[in-house]
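# Coordinates for the following, if possible.
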Amino acid sequence: MDKILKRLAVTSVAAAAASGAMAAAGGAERVFDPAPGWDYLWKEVLIDISVIGILFALMTAYLIWRYRRTPDNVVGQGPRLSPAAAVGWVVIPTFVFMADDFFIAANGWALWNKYRDVPADRLEIALESGMYSWDYTYPNGVQTQNELIVPAGKPILLRMTSRDTLHSHFIPDFRVKEDSMPGRVTYIWFLPKEAGKEHLVTCAEYCGVMHSYMAGRVVVKTPEEFKAWYETSGASAKKSS
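Below you'll find the predicted structure:
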């Protein structure tokens with residue numbers, strides 16, 4: 001586990017140095033925020049299932065009324081369909097109802113692939129999860145527990161591992177969730193936009209009897225406030241070490 005944490009710390013420092021060099025050489029990078037895309041696709045899912053549910057409910061109600069049992073127990077006879085008509089009644093409704101599903105799936109995969117391409121100009125932080133806390137380590141050695149302090153307007157990348165069992169780092173407000181597990185390094189990233197806000201962090205994978213207590217928060221500061229906190233905390237961490 002110590003080897004994994006050291007590797008995470010080294011990766012974070014290297015990434016921070018590379019990001020600074022890139023910013024100095026090429027200027028600010030325009031950051032793509034995936035959260036609105038996830039919201040849009042979720043809205044499409046709700047519209048899709050609502051329309052399908054209403055149509056099927058209406059069709060079911062009509063069929064129940066149209067083919068209800070009569071007092072005389074009359075036995076009816078359904079229409080005989082040609083092979084082409086039978087195929088059409090299967091293929092066309094299926095295509096109509098599945099078209100939006102294919103649209104959502106295709107756009108979901110495209111958005112996911114774009115999300116996994118992390119912005120180069122980012123702040124990279126190591127995260128070790130464990131029963132029952134989130135332990136963050138910044139590139140300058142500052143460590144926090146259950147509180148992730150970040151600057152507004154800067155993409156935040158978390159390199160994650162676990163010291164005991166499977167956890168899932170979930171920040172609902174940023175629409176990001178990813179498992180952290182022993183012996184493996186995973187990552188998520190998000191873009192905090194507004195300073196002065198706090199966002200819930202929770203574990204979305206059952207990890208033990210105190211799973212529901214494994215909560216934290218993301219605190220978003222202005223770039224100036226974060227810089228002051230980062231430098232002060234970094235100096236204190238160096239003195240204590």
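# Every contact and neighbour count from this point should use C-alpha atoms.
Will do.
# Stretch 62-71 spans what distance, first to last residue?
Start-to-end span of stretch 62-71 (Cα to Cα, to the nearest Å) is 19 Å.
# Quick check on residue 64: phi, psi?
Note on residue 64: its backbone torsions stand at phi -60, psi -40 [degrees, to the nearest 10].
# since we're on it, how many residues are nearby?
Other residues lying near residue 64 total 11 when counted by other Cα atoms under 10 Å.
# Distance-wise, check it relative to residue 75.
Counting by Cα to Cα, the gap from residue 64 to residue 75 is 15 Å.
# Same check on residue 108?
In this view, residue 108 and residue 75 are 49 Å apart by Cα to Cα.
# of the two, who's got more company?
With other Cα under 10 Å as the criterion, residue 108 and residue 75 differ in neighbour count, and residue 108 comes out ahead with 16 against 8.
# Quick check: the more buried one is in a helix.
Yes: under DSSP: H, G, I helix; E, B strand; the rest coil, residue 108 sits within a helix.
# so which helix or strand takes in the closest residue to it other than its chain neighbours?
Taking Cα to Cα, 6 or more residues apart in numbering as the measure, residue 108 lies nearest to residue 41, with 7.1 Å between them; neighbours along the chain are not counted. Element membership for residue 41, per DSSP states H and E: helix 35-66.
# Show me what that helix packs onto, helices and strands only.
helix 83-115 (3 or more Cα pairs under 8 Å, 6 or more residues apart in numbering; DSSP states H and E).
# Quick check: what element follows the helix it packs on along the chain?
On the C-terminal side of helix 83-115, the nearest following helix or strand under DSSP H and E is strand 123-130.
# Give me the mean pLDDT for that next one.
Throughout strand 123-130, pLDDT has a mean value of 97.
# List the buried residues for that strand?
Using 16 or more other Cα atoms under 10 Å as the burial criterion, the residues of strand 123-130 that qualify are 123, 124, 125, 126, 127, 128, 129, 130.
# Direction included, what does that strand pair against?
Using DSSP bridges, the strands paired with strand 123-130 in its sheet are strand 133-137 (antiparallel), strand 156-162 (parallel).
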